[in-house]
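Trainee: here you go, sequence then predicted model.
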Amino acid sequence: MLKKYEMLSKQVNLPRAFMARSVIYKYLNRTNLTHYPELSRLLGCEAFVKHENHNPTGSFKIRGALNFFHHMSREELEAGILVATRGNHGLAMAWAGQWFNVPCTVVVPERNNPEINRTIESY
């Protein structure tokens, strides 16, 4: 199993990150990068915050989900997607599944946050 991950890790590189960015911006607006003077003063540096919480699911996870769905073949997607998660990953995958019109089953643990469960189900 480790060899498989080592092989896959070689696919993570800067050119592929730029490719993913071009895919993601087909579906999402860029998130704001905001300078905060008071935070900068407290930290002793120029502090900027990238507001990923402004994305549709409230986190950066939607980026990976969109890139995943975009690169899957139609045949692969026709069977649907199955993921296991406690929160943001499931929200992102369910949202992207709805966007791409692909069935997405999200498995959550017992006693998971009911608000997150309802939001996942709404997608």
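Mentor: Yep, that arrived. Quick caveat: nothing in here was measured; it's all calculated off a predicted structure. Numbering: from 1, shown residues only.
Trainee: and residue 9, what's its pLDDT?
Mentor: Per-residue pLDDT puts residue 9 at 81.
Trainee: ignore what I typed, I meant residue 30.
Mentor: Residue 30 is given a pLDDT of 89.
Trainee: what distance do you get for it to residue 104?
Mentor: 25 Å (Cβ to Cβ, to the nearest Å). Quick note: C-beta positions are derived from backbone N, CA and C, even for glycine.
Trainee: please say which of these two ends up with more neighbours.
Mentor: Between residue 30 and residue 104, residue 104 has the larger neighbour count (other Cβ atoms under 10 Å), namely 22 against 10.
Trainee: what are the bridge partners for the more buried one, then?
Mentor: Residue 104 forms beta bridges with residue 81, as assigned by DSSP bridges.
Trainee: can we start the residue count at 332 from this point?
Mentor: Sure thing, new numbering starts at 332, so read that last one as residue 435.
Trainee: that one and residue 410 touch, don't they?
Mentor: No: between residue 435 and residue 410 there is no contact, the gap being 11.2 Å when judged by Cβ atoms under 8 Å.
Trainee: buried ones in the helix or strand harbouring residue 427?
Mentor: Using DSSP states H and E, residue 427 maps to helix 419-430. Neighbour-count burial for helix 419-430 flags 419-428, 430 (criterion: 16 or more other Cβ atoms under 10 Å).
Trainee: which of those lies closest to residue 393?
Mentor: Nearest to residue 393 out of the buried residues of helix 419-430 is residue 423 (Cβ to Cβ; 4.4 Å).
Trainee: how close does the closest one sit to residue 336?
Mentor: Counting by Cβ to Cβ, the gap from residue 423 to residue 336 is 22 Å.
Trainee: sounds good, over and out.
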